[in-house]
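>>> Here is the input, now give the coordinates:
(2 chains)
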Amino acid sequence: MLKTYLAPLSTALVLSTALVAPAHAETLRMASQGDATSLDPHSHNESFTNYFLANIYEGLVARDRNFEIAGQLAESWEQVDATTWRFKLRDGVTFHDGSAFAADDVIFSMDRALSETSNFKHVLASVESYSAVDDMNVEIVTKAPNPILLNDLLDLMILDKQWAEANGAAEPINLQAEEKAFSATNANGTGPFSVVSRAQGEETTLTAFDGYWGETGNVTEVVFTPINNAATLVSALLSGEVDLVMPLPLQDIARVEAGEGVKVVSSAEARTMYIGMDQWRDQIIESPVEGNPFLDLRVRQAIAHAVDAQAIIDRVMQGQATLATQYVMDKVNGYNPDLTRLEYNVDTAKALLAEAGYPDGFELTMDCSTDRYVNDGQICQATVSLLARVGITVNLIAQPKAQFFPKVVAPDFGTSFFLLSWTPSTMDSLNVFQNVLGTRDLDNGVGAWNISGCSVPEADTLAAEAAVTMDAAAREAMLQDAMALMVEDVCLVPLHVQQLVWGAAENIDVVQHPTFEFPLEYFNVN
Amino acid sequence: MYFLLARVFQATIVMLCVALVGFLVFQFVGDPVLSLVGQETTVEDREALRESLGLNDPILMQYARYVVNAVQGDFGISYSFNRDVSEMIADRLPATVELVLLSGVLSLLLAIPAGIYTGIRRKGGIAQTIMAISVIGVSIPSFLLGILLILVFSVWLNWLPSFGRGDLATVFGLRSSLFTWDGLSHALMPAAVLCLFQLGVILRLIRAEMLEVLRTDYIRFAWARGLPGKRVYFGHALKNTLVPVVTAIGLQLSSLFAFSIITELVFQWPGMGSLLLHAIGQSDIPLLAAYLIFVGLVFTISNLLVDAIYVLIDPRIRHGAL
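You can find the predicted model right below:
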């Protein structure tokens, strides 16, 4: 009975799909303030570039429409034992140039991601070995049980072995190479869109790939233009010259909301902003104060009480952010829903400072970028005036990111007070513990972004345990406990989780992910 | 001839100095390695990349290596584009040149007659209006003017496109957007913005020079002799205003390249200016160095041309009297 019922239904589905299939080209004209830095998927590890390329190249697994990890070039997978994973590859997949996809392409791409010039070695950091079982099966063996192998593999894009080797692109771009890199301006993936033309910084045109294995929306052509100037970017949207602007500058939200035929689309982004305080030097730098006040927990608590994060959200962020209680946002695995933020209270802050021996406050220098995060410069200015209320005098060094990052990152960590943020690329808080919160151990690749130099050994232990625990529930509890310890220690002062804000033409349907991905195959032009 | 050779020699020294200053400044534009690698890249990998790019060598050594390569026509590979820098400049240069030419020609066509007119009839209503517009041109910053034009002509009226360079066409082997309607409509607003500032400066200079010359004795004698106005104004007065005016025009037109940075940013014009801004953001030293040398070259060549034109218009220079 079931069969007879299903048959007409599926026929109807096929028919309706045929009916709505685009009779003419639906062009999506997108603009952003930056451009992808390269078309090589293993060269520049920069989020916009990665997500732009995710429309052209695919990985074994990817986030689906609902942000769940699903098979992409892997049809299914199984765990043979705690450290061995077997991936069954999808049949009938072809690259844009028509060649067939098979296991040797996966192995080649993994080799490539691990080669000297790659910036994606971390993706396979937990992997001991990998091999092709046969043409359509690949086996990956990890060094230790890795509960988040799938998350790690999200960023591993697969290239065509024959194409790469034929074009001298067997390795990621080598900046010292005398010849220009073919893979910087050419691409051959399995993704829903292929590259028609590429002029970096000017215009990139993509077209829907006819031989794509999966379902797509009705977008058949994508024209992407970087427009650096914010005012021009918004004008292009308002005058109807582009259909989608991402991100939309906060100061222009009202203009777009008032505009005809355009709308604002927003949702929470996985980026958490925070203030860091030097907890590793005996003497803080660029400050007349003797010793290091931040070694005292009460001083760190006082700063947290003094910084009115809600006011920063309301004024500086124009409401386009949510209060952060911890160092990850709620969609990241390991988020602890029980944690609260130290309330804004000037008197408590002053009392804590007095107890710690600074009744009149002290003077320090704050480092801040002005062109990296949404309104980063203004957030710092607000922090300066908020801290002045409790007697802490802040000399602000607001600088372009090109000056800011070399100053504050490893190996110098040349700051004692700063604004920074982090997006865990795996959407798992273990990534935050390994990079930002874990006790600094640069030789083992831990804490390279722990600029504060904070250290909570119990949290380190929990994180290390979570790294090899396969039981998802137990693991999550460990990460949550570790997060609670870090928050209790006020390792950093959490500020807010910023919103992803796009401006779009009324007739464009988009899918927003907290990681800033823009999976164009789910977009539609109505 | 000796005169020109000496100038060429001087120009070479100037170019070497420009490149040296550039290299000293590049130490402060930031660390290119950080914009090349991702947040998860280890400290050792970063150090290895820095070493392989030669960024750990002393700055003078980097400079010497650069000059030796540049003399051979090799400007290196852009860190952020992974392409030959010379190829990138060849790609972007036509866009800037057509913008500069269009606005340069426009401003000269408008400024010279307007400057002469306001110099002769300085009290009339038309002259007053022209002067008022020229004040606006000189005093409104180009980015503001650009955004205003976009607001009016793109957002409100929807007449002109707000960004980019339009369709290209090839005429007599030259590939330019000025040969198509679409291209012209894209170029119109940025060219107008660039033109307005030049217009104001050149116009006011010509007017001031005309006023100066018209007060001199030989002009009074010319009037006293009963010469017709046309001959006094154009034959005697205008000719003697030309030396300072040509100098100024030469410098102004080469500074159009520099001014075009902001205009190109506002209109997303894919020329050299937007390339420079990108290079600064990414600390792309090979690209920055090449841009600097290019702009230095534009200024030295235009100065050479100005010197050559002097000789043509002022016989006193030719005969070594000045």
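
>>> can we go C-alpha only for contacts and neighbour counts from here?
Noted.

>>> And the closest residue to residue A:298 other than its chain neighbours, how close does it get to residue A:493?
Nearest residue to residue A:298 in three dimensions, chain neighbours excluded: residue A:352, at 5.6 Å (C-alpha to C-alpha, 6 or more residues apart in numbering or on different chains). Residue A:352 sits 16 Å away from residue A:493, going by C-alpha to C-alpha, to the nearest Å.

>>> Neighbour count for the two, which is higher?
Neighbour count, other C-alpha atoms under 10 Å in any protein chain shown: between residue A:352 and residue A:493, residue A:493 has more, with 26 against 21.

>>> Touching, the more buried one and residue A:302? I think so.
No: with contact defined as C-alpha atoms under 8 Å, residue A:493 does not reach residue A:302; the gap is 10.2 Å.

>>> Just the buried residues of stretch B:74-91, please?
B:75-86, B:88-89 (16 or more other C-alpha atoms under 10 Å in any protein chain shown).

>>> Restricting to these, which residues neighbour chain A?
B:77, B:79, B:80, B:81, B:82, B:83, B:84 (C-alpha under 8 Å from any C-alpha of the partner chain).

>>> Which two of these have the greatest separation?
Spatial extent of those (C-alpha to C-alpha) is set by the pair B:80 and B:84 at 10.8 Å.

>>> quick check, residue A:70 in a helix?
No: Residue A:70 is assigned strand when assessed by DSSP: H, G, I helix; E, B strand; the rest coil, not a helix.

>>> Tell me if I'm right that residue A:245 and residue A:232 touch.
No: the criterion here is C-alpha under 8 Å, and residue A:245 misses it with residue A:232 at 10.9 Å.

>>> Output the buried residues of stretch B:74-91 in a markdown table; the columns should cover pLDDT.
Formatted as a markdown table, the buried residues of stretch B:74-91 follow (pLDDT from 0 to 100):
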| residue | pLDDT |
| --- | --- |
| B:75 | 83 |
| B:76 | 81 |
| B:77 | 81 |
| B:78 | 83 |
| B:79 | 80 |
| B:80 | 78 |
| B:81 | 80 |
| B:82 | 78 |
| B:83 | 81 |
| B:84 | 84 |
| B:85 | 87 |
| B:86 | 86 |
| B:88 | 86 |
| B:89 | 87 |
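
>>> tell me which of the residues you listed is nearest to residue B:256?
The closest of the buried residues of stretch B:74-91, once distances to residue B:256 are taken by C-alpha to C-alpha, is residue B:89, at 17.1 Å.

>>> Can you read off the pLDDT for the nearest residue to that closest one once chain neighbours are set aside?
Leaving out its chain neighbours, the residue that sits closest to residue B:89 by C-alpha to C-alpha, 6+ apart is residue B:272, at 7.0 Å. Listed pLDDT for residue B:272 reads 89.

>>> Give me the distance between residue B:272 and residue B:94.
Taken as C-alpha to C-alpha, the span from residue B:272 to residue B:94 is 9 Å.

>>> between the two, which one's more packed in?
residue B:272 (27 against 18).

>>> can you give me phi and psi for that one?
phi -70, psi -30 (degrees, to the nearest 10).

>>> pretty sure it contacts residue B:91?
No: applying C-alpha under 8 Å, one finds residue B:272 not in contact with residue B:91, separated by 9.0 Å.

>>> Please state the offset of the top helix by length along chain B from the chain centre?
Scanning chain B for the longest helix, with DSSP state H as the assignment, gives helix B:85-120. Put simply, helix B:85-120 sits 8 Å off its chain's centre (C-alpha atoms, centre = their mean, to the nearest Å).

>>> For that helix, buried residues please.
B:85-86, B:88-89, B:92-100, B:102-104, B:106-108, B:110-112, B:114-120.

>>> Looking at the stretch 201-350 of chain A, what residue ends up closest to chain B?
residue A:239 (4.5 Å; C-alpha to the nearest C-alpha).

>>> so where do the strands sit in the stretch 1-150 of chain B?
Along the stretch 1-150 of chain B, counting by DSSP state E, counting those that start in this stretch, no stretch forms strands.
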